[in-house]
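Engineer: What shape does this take:
(one chain, ligands or ions: 2)
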Amino acid sequence: MSFDRQIKIAPSILSADFANFGQEIQAIETQGADWVHVDVMDGHFVPNLTFGPMAVKAFRPHVKTVMDVHLMIAPVDPYIDAYADAGADVLTAHVEAGPHIHRTLQAIRGAGMKAGVALNPGTPAEAVAHLLDLTDLICVMTVNPGFGGQKFIDMTGKIRALRDMIGDRPIHIEIDGGVDPKTAPLVAEAGADVLVAGSAVFKGGSVDNPEAYGENIRNIRAAANGVWA
Ligand code: DX5
Ligand code: ZN
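Structural biologist: Ligands and ions are numbered 1, 2, ... in the order given. Sure, this is the predicted structure:
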């Protein structure tokens, strides 16, 4: 994985057909996805349950780009090796998921993955101030995690603060929740480079009509880059 600040679109397969992940992943990548975002939920840290390391390992051979795994689970540490074994490229843990996020990020890197740290809407930018040298990605939640299709919460002030804090460090700013062609320019302008989008990518498409995914991805990217399609 090389580092750049170009806009990257990371469709969340939370909005895919759960009976058909292999073909759905192939469809979004063929249609221009830069990364594949995988939302892991435990029914405890968040009030919803998705899949675990065995499913993520089964996704791996289908992902030709970057497998970006977003853990919405607590605790995190007992599962880090399982997600390394599953083939995650980026593993993101929430700062709110436990008292030892510093140790968690060290362990994620120690297991050979890029380390991400996610911030719920109620958590300030300062929560990562002492984690920057351990972090490859900061995920700014623009919804309360747990479900796709929720309304975007404006976090542009937090994104700007993080962008200033990061300076020249090679740390991605990822936005997760309610990203669509209307909200993408706001977060891109504030300094984000990885845009997760679930419902806005998968709407209107299917594995039999993947062109709709392509059009949705192009529209989000164009909006983020300031070129309205
Ligand atoms: C929310 C997840 C998101 C979600 C985004 O808890 O982390 O990745 O799937 O979905 P949309 O784009 O529909 O808000
Ligand atoms: Zn996510």
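Engineer: hey, let's count contacts and neighbours off CA atoms from now on
Structural biologist: Will do.
Engineer: Residues in contact with stretch 6-16: which ones?
Structural biologist: Residues from elsewhere that reach stretch 6-16 (C-alpha atoms under 8 Å, 6 or more residues apart in numbering): 21, 24-25, 28, 33-39, 148, 188, 192-199, 201-202, 217, 220-221, 224-225.
Engineer: Identify, by residue count, the longest helix of this protein.
Structural biologist: If you go by DSSP state H, the chain has its longest helix at helix 211-224.
Engineer: Is it positioned near ligand 1?
Structural biologist: No. Using C-alpha under 6 Å from any ligand atom, helix 211-224 stays clear of ligand 1, with a minimum separation of 11.2 Å.
Engineer: same thing with stretch 117-128?
Structural biologist: No. Counting by C-alpha under 6 Å from any ligand atom, ligand 1 has no neighbours in stretch 117-128; the shortest distance is 9.6 Å.
Engineer: next one: stretch 94-109
Structural biologist: No. Taking C-alpha under 6 Å from any ligand atom as the criterion, stretch 94-109 and ligand 1 are apart, separated by no less than 10.7 Å.
Engineer: The helix or strand where His70 lies: partners in the sheet, and parallel or antiparallel?
Structural biologist: With secondary structure defined by DSSP states H and E, His70 is part of strand 67-72. Partner strands and pairing direction for strand 67-72 (DSSP bridges) are strand 36-41 (parallel), strand 90-94 (parallel).
Engineer: Tally up the residues packed near Ala16, please.
Structural biologist: Each residue near Ala16 was counted by other C-alpha atoms under 10 Å, and the total is 22.
Engineer: And for the one 5 residues further on?
Structural biologist: Phe21 has 18 neighbouring residues, counting by other C-alpha under 10 Å.
Engineer: Can you give me the distance of it to ligand 1?
Structural biologist: Separation of Phe21 from ligand 1 (C-alpha to the nearest ligand atom, to the nearest Å): 14 Å.
Engineer: And that residue, its phi and psi?
Structural biologist: Listed backbone geometry of Phe21 is phi -60, psi -40, with angles given as degrees, to the nearest 10.
Engineer: that older thread, can you list the strands paired with strand 67-72 in a markdown table and add mean pLDDT?
Structural biologist: Listed next are those as a markdown table, based on pLDDT from 0 to 100:
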| stretch | mean pLDDT |
| --- | --- |
| strand 36-41 | 99 |
| strand 90-94 | 98 |
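Engineer: Specify the local secondary structure of the nearest residue to Val63 once chain neighbours are set aside.
Structural biologist: Among residues not flanking Val63 along the chain, Ile25 sits closest, at 6.6 Å (C-alpha to C-alpha, 6 or more residues apart in numbering). Following DSSP: H, G, I helix; E, B strand; the rest coil, we place Ile25 in the helix state.
Engineer: Tell me the buried residues in stretch 38-48?
Structural biologist: Val38, Asp39, Val40, Met41, Asp42, Phe45, Val46 (16 or more other C-alpha atoms under 10 Å).
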